[in-house]
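# Predicted structure and sequence below. I'll ask about it afterward.
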Amino acid sequence: MTASYPALRLRRTRASSWSRALHRETLLTPADLIWPLFVTEGRGIEEPIASLPGVSRWSCDGIAARAREAVALGIPVLALFPNTPHGLRSDTGGEALNPDNLMCQAIRTIRDAVGDSIGVLTDVALDPYTSHGQDGLVDAAGYVSNDDTVAVLVGQSLNQAAAGADIVAPSDMMDGRVGAIRAALEREGYPNVQIMSYAAKYASAFYGPFRDAVGSRGLLKGDKKTYQMDSGNAEEALREVALDLAEGADSVMVKPGLPYLDIVRRVKERFDVPVFAYQVSGEYAMIEAAAAAGAGDRDALVLETLLAFKRAGCSGVLTYHAAHAARLLG
């Protein structure tokens, strides 16, 4: 039998800070955070991104400094995204296969700076490398070709693994790419490289600042709705996750984050596997804009939204606020 008021007063356990801490159900720590970083060419370069206040592109020496900072803060993983120079972009995205591209340079720089004390997660998709801004190869009719793209993604994954990536994260949403990448990693001697699949990635209005950061916004021809998910679909997300897990994904991603916490919860309850979410660039920018306008306290907004991801079932969160949040968490 359940007690009732006044024998039961739920406010009793909220009356003091020590009691609130004792009864807290969900905890957020720096170990829950993955820090996305943007890589640009050159040396001694920091390029602030106007649509992402407080976020910059860094040359590899700057990436090394961020890696040392992350280790000191207790952040376990860095996620890398290259801003490929326009002259190296092509219709086929061939720069993704260059063993000395920006991504591979940054991986090796992190290894030289901090060794194995931090994990390196790499994005697997062609949009930072294509002249048309799509995540894959485009056929004569303008359609992103699935199987032709998968073949390039396999090569891209092996290229990143050879450079020292710990986790490859296919964000392209091509069918069958997880199985093809897993088979190639096993075949080529990289059995311990993890796959974190962007299993439920939605065609979202929240990606704009990211496209500025990797230099693809002005290049994108058309949209990505033929391969990214429709925002009205939830059952389809569960099918996508099931397929990627069956093909060998070690963990799965839901993207964007806050608008899709219901998907995070459903995935966690259905599959009971490590689920991550990406607090994407538009979400970050909204918090920064709200704080700048005096509509809310920045620190409180950052921590409350990140805690929401954990409460929904996330094992961790990719967030541009990672370093700031880690400092707040101590």
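Structure received.

# Out of the helices and strands in the protein, which is least certain?
In the chain, no helix or strand scores lower on mean pLDDT, DSSP states H and E than helix 208-213, which sits at a mean of 88.

# what packs against whatever helix or strand comes next after that helix?
Following helix 208-213 in sequence order, the next helix or strand is helix 235-247 (DSSP states H and E). On a contact count with 3 or more CB pairs under 8 Å, 6 or more residues apart in numbering; DSSP states H and E, helix 235-247 meets helix 177-187, strand 194-201, strand 251-255, helix 261-271. All C-beta spots, glycine's among them, are computed from the backbone N, C-alpha and C.

# secondary structure class for the nearest residue to residue 309 once chain neighbours are set aside?
Spatial nearest neighbour of residue 309, excluding adjacent residues (CB to CB, 6 or more residues apart in numbering): residue 317 at 4.6 Å. Look at residue 317: counting by DSSP: H, G, I helix; E, B strand; the rest coil, its state is strand.

# Return the residues in contact with residue 317.
32-34, 257, 276-279, 306, 309-310 (CB atoms under 8 Å, 6 or more residues apart in numbering).

# thinking again about what came up before, what would the helices and strands packed on helix 235-247 look like in a markdown table with mean neighbour count, mean pLDDT and distance to residue 106?
Shown next, in a markdown table, are the helices and strands packed on helix 235-247 (neighbours: other CB atoms under 10 Å; pLDDT from 0 to 100; distance: least, CB to CB, whole Å):
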| stretch | mean neighbour count | mean pLDDT | distance to residue 106 |
| --- | --- | --- | --- |
| helix 177-187 | 19 | 98 | 20 |
| strand 194-201 | 26 | 98 | 18 |
| strand 251-255 | 26 | 98 | 20 |
| helix 261-271 | 18 | 98 | 29 |
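
# Mind checking the ones you listed for the one nearest to residue 70?
strand 194-201 (17.5 Å; CB to CB).

# Would you mind putting the CA coordinates of that closest one into CSV?
What follows is strand 194-201, C-alpha atoms only, in CSV (Å, rounded to 0.1, in the frame of the first residue of the first chain):
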residue,chain,number,x,y,z
GLN,A,194,34.4,1.0,-32.8
ILE,A,195,31.5,2.0,-35.0
MET,A,196,29.1,4.6,-33.5
SER,A,197,26.4,4.8,-36.1
TYR,A,198,24.3,7.8,-36.7
ALA,A,199,21.4,5.4,-36.9
ALA,A,200,18.5,7.9,-36.6
LYS,A,201,19.7,11.1,-38.3
